[in-house]
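Participant: Based on what follows, work out the 3D shape:
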Amino acid sequence: MKGQLREHPLVELVREINAAGLSGVLRLARERVKAVVYFDAGGAVFAATNLRPHRLSFLLRQWGAVAPERLLEAGVDALSDEQAGAALVSTGAVAAEELAALRLRQSGEALRPPLLWTEGEWAFDPRARLQGVAHAPLPVGQMLLEAARRLPAEFVAARFQDRGEVVGRPGQLSADLPLQPEE
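Facilitator: Residues are numbered from 1 along each chain as shown. Down below sits the predicted model:
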């Protein structure tokens, strides 16, 4: 399956994949930026882009999660994110559990910008599986709510072309999704 984000935005694709309980990879492209989102039984479990600000070494510096000298000692700048994580654990700069939490945070950072894309291409491959990367479900409910609040109003309005359509609140609204009164 593939298409254009202006016709099927990422926020809708994520919701549909979740509702259908699908597994696979969703590949996204907008100009020179590429992103991937892996799903397992409908849950988004890993996201990455080809942008430097989403690389593990860059984010660890930005977050102050690992001392700069420890990053240099592990040589993370010349390594892939997977290799950098392994090097940080092997040198004792981070514990394996801490690395898993940092990689989850990294995935969230990588997923947020594409959720706001209104142009670009997408392709879903249900045969692809995430190999070699420890993964855990991303908090996509909160991320989708944040994206819905930030998408251009005219783009969102265009998604509701049937004026007779009734949109309601789900019966089991999660307590971790604090809605505004107008929402």
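
Participant: which residues of this protein fall in strands?
Facilitator: 2-4, 24-30, 33-40, 43-49, 121-125 (DSSP state E).

Participant: Now for Arg55: which residues touch it?
Facilitator: Asp81 (C-beta atoms under 8 Å, 6 or more residues apart in numbering). No exception for glycine: its C-beta is placed from N, CA and C like everyone else's.

Participant: residues in contact with Ala87?
Facilitator: Ala87 makes contacts with Ala74, Gly75, Val76, Leu79, as judged by C-beta under 8 Å, 6+ apart.

Participant: can you pull the pLDDT of the closest residue to the first one other than its chain neighbours?
Facilitator: In other words, Ala74. Residue nearest to Ala74 in three dimensions, not counting chain neighbours: Ala87, with 4.2 Å by C-beta to C-beta, 6 or more residues apart in numbering. In the predicted model, Ala87 carries a pLDDT score of 94.

Participant: just Arg169 next, same as before
Facilitator: The predicted local confidence for Arg169 comes out at a pLDDT of 57.

Participant: can you give me the helices in the chain?
Facilitator: Secondary structure of the chain, counting by DSSP state H: helices at 10-20, 56-63, 68-74, 81-90, 96-115, 140-150, 153-158.

Participant: can you pull the contacts of the residue sitting nearest the centre point of the chain?
Facilitator: Among the residues of the chain, Leu111 comes closest to the average C-alpha position under C-alpha atoms, centre = their mean, at 2.6 Å. Contact partners of Leu111, counting by C-beta under 8 Å, 6+ apart, are Ala35, Val37, Ala44, Ala47, Leu138, Val140, Met143.

Participant: residue at max distance from the center of the chain?
Facilitator: Note on the chain: the largest C-alpha distance from the chain mean falls to Gly164, namely 32.8 Å (C-alpha atoms, centre = their mean).

Participant: CA-only coordinates of the helix or strand of the chain with the lowest mean pLDDT in CSV, if you can.
Facilitator: Taking mean pLDDT, DSSP states H and E as the measure, the helix or strand of the chain with the lowest value is helix 153-158, at a mean of 81. Coordinates of the C-alpha atoms in helix 153-158 are reproduced here as CSV (Å, rounded to 0.1, in the frame of the first residue of the first chain):
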residue,chain,number,x,y,z
ALA,A,153,-6.7,24.3,10.7
GLU,A,154,-7.6,24.4,7.0
PHE,A,155,-5.9,21.0,6.4
VAL,A,156,-7.8,19.5,9.3
ALA,A,157,-11.1,21.0,8.1
ALA,A,158,-10.5,19.6,4.6
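
Participant: Quick one: residues in contact with it.
Facilitator: Pro9, Thr118, Ala148.
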